[in-house]
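Asks: sequence first, predicted coordinates after that:
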Amino acid sequence: MRKAILAALALVLPALATAQMGPVPPPPMQATPGVLQQVGFDQKLGEKIPLDLPFKDETGKDVKLGDYFGKKPVVLSLVYFRCPMLCTLSLNGLAGALEVLSFVPGQDFEVITVSFDPHEGPVLASAKKRAYMNRYQRSEAERGWHFLTGPQTSTEALTRAVGFRYVWDQETKQWAHPAGVLVLTPDGRLSKYLYGVEYSPKDLRLALVDAGGGKIGSFVDTVLLYCYRYDPRTGHYSMAILNLVRAAGILTIAALAGFIALSSRRRKGSRPDSRPDSR
């Protein structure tokens, strides 16, 4: 009898526990769909991209990638213009970050959006640029944000140089690709990767100041760049506590030195003249 009761409890108790705790969740998926395993960024920080690659701009003019380098840092985004979702989100995120920046495209930096689909041409590039110029209400953007298309040899060479891995998904009839923008130095070296479809204006500003070698921005940007550190794993800038403490200590010492100097000058100025009367 006792064994029968124990056997019954062994059957009933797990059921009661499941009813109270809810159903056991399914095990997490261990495998990523095969097509997504071929998609991503391989960071190549410090490497120089080929600047002699031929493309066409949104007007159909023959250009080379190097036409947009030489003096200013460059923001590079890789998309395809027929993309139904991800590319539009990424471009919207870039436009939103640019709207906040006080830096002027075409004056302080360049923006290049390149289609990695060799079947797209200047007509699509022109329509895409027109759409974003209507959104990005800055007159300077017209000469500072460029939309390029090019032959397969150029698109493959560029994406390979920056570590941008993408693949055609036959099932969905779309390109599977990562989302992000890259910031390059004026001489075409990869400086920063910013991931996702929304980009922090702070991260983009610091990346431009860093890539430009401090030639753009203000003293405040230099201080912020000292207090923040770029994390290549996340594509974001995070506060470097030790550097912040050092900066605060330096500012405190400078303030104390200034106070002491000012106080000393005031004391000297308030002393009565102790020289004897020459009369």
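Replies: Yep, it's here.
Asks: which parts of the chain are helices?
Replies: In the chain, the helices defined using DSSP state H lie at 2-21, 86-100, 122-135, 141-144, 152-162, 201-211, 219-227, 241-270.
Asks: worst mean pLDDT among those helices?
Replies: Least confident of the helices of the chain, judged by mean pLDDT, is helix 2-21 with a mean of 39.
Asks: model confidence over stretch 41-56, on average?
Replies: 96.
Asks: and that stretch, end to end?
Replies: 25 Å (C-alpha to C-alpha, to the nearest Å).
Asks: surely L86 and A179 touch.
Replies: Yes. Under the criterion of C-beta atoms under 8 Å, L86 makes contact with A179 at 5.6 Å. (C-beta placed from N, C-alpha, C; glycine too.)
Asks: overlap of the contact sets of those two?
Replies: V197 (C-beta atoms under 8 Å, 6 or more residues apart in numbering).
Asks: any idea how far K64 is from G144?
Replies: Using C-beta to C-beta, to the nearest Å, we find G144 at a distance of 18 Å from K64.
Asks: over to W168?
Replies: 27 Å.
Asks: what is the neighbour count of the nearest residue to P118 once chain neighbours are set aside?
Replies: Distance criterion C-beta to C-beta, 6 or more residues apart in numbering; nearest residue to P118, sequence neighbours excluded, is Q152 at 3.9 Å. Per other C-beta atoms under 10 Å, the neighbour tally for Q152 reads 11.
Asks: from G188, how far out is Q152?
Replies: From Q152 to G188 the distance is 21 Å (C-beta to C-beta).
Asks: residues in contact with the closest residue to V75 other than its chain neighbours?
Replies: Of all residues beyond its chain neighbours, the one nearest V75 is V111 (4.7 Å), with distances taken as C-beta to C-beta, 6+ apart. Contact analysis of V111 by C-beta under 8 Å, 6+ apart lists 74-75, 77, 94, 98, 105, 141, 144-146.
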